[in-house]
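*Asks:* Got a predicted model here, sequence first, then my questions.
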Amino acid sequence: MRWPYTAADFARQESTSDSCFYSNPRFVTHIDDRAIATIRRYYAAVLPRKAEYWISAPLSDGAEGRFVTDLNKEPDFSAVTNSLFDAATCVVSIDYLTQPREVLGSLRRVVKEGATVNVVVSNPCFPTKTIARWLKIGEEERLNMVADYLYFPGWSNVEIVDLRDNNGDEGHRITLGWLSS
């Protein structure tokens, strides 16, 4: 099976570096407080209590035990860490990756055996920094695209968990994939 995407699929309207784009504070939240609380509860239930994590936005925040790197500029984790992670999360930012296959392939090499990766997908975004194809397709195809991002570098055991509120409020839809190497 061949990689089904072209370079044009990963083009973005805003071509300046992510480091430059995010150097000015963005006082927005991609997901609302209820969605954040839902993700926290989910993570409390599924992530190991004592672990070393990789937590992603396009740029990690540099908090203790984490590193800062522009994944679109440097998709190879081995260039910035020699640690093996117990778990990884990619929260509402997979749509910004211009080299997702390379990033997720590199991540496989820096996680421990049996480690899990949790990918949270939501609808809100910075459209100028989101890849072109993401903006042209619907939710289901986006999930299929993320599944491709994982399949091609060798991830397996993908589970999609819909954490949407029971009231059907689309504004609170969170889709989370649980993956292991």
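*Replies:* Perfect, I can see it now.

*Asks:* List the residue ranges of the chain that fall below the pLDDT cut-off.
*Replies:* Of all residues in the chain, those with pLDDT under 70 make up the ranges 26, 51-68, 80, 164-181.

*Asks:* the helices in it, which residues?
*Replies:* Applying DSSP state H to the chain gives helices spanning 18-21, 33-46, 100-109, 132-136, 139-151.

*Asks:* list the buried ones in the shortest one?
*Replies:* Of the residues in helix 18-21, those scored as buried under the neighbour-count criterion (16 or more other Cβ atoms under 10 Å) are 18, 21. For the C-beta atoms, the positions are set from N, CA and C on the backbone; glycine is no exception.

*Asks:* That helix: how far from the chain's middle?
*Replies:* Relative to its parent chain, helix 18-21 has a centroid offset of 17 Å by Cα atoms, centre = their mean, to the nearest Å.

*Asks:* quick one: contacts for residue 109?
*Replies:* Contacts here follow Cβ atoms under 8 Å, 6 or more residues apart in numbering; on that basis residue 109 touches 77, 78.

*Asks:* Quick check: it vs residue 21, distance?
*Replies:* To residue 21, residue 109 is 27 Å away according to Cβ to Cβ, to the nearest Å.

*Asks:* before we move on, what about residue 100?
*Replies:* Distance of residue 100 to residue 21, given as Cβ to Cβ: 18 Å.

*Asks:* what pairs with the most centrally placed residue in the chain across the strands?
*Replies:* When Cα atoms, centre = their mean is applied to the chain, the residue found nearest the centroid is residue 90 (3.1 Å). Counting by DSSP bridges, residue 90 is bridged to residue 56, residue 119.
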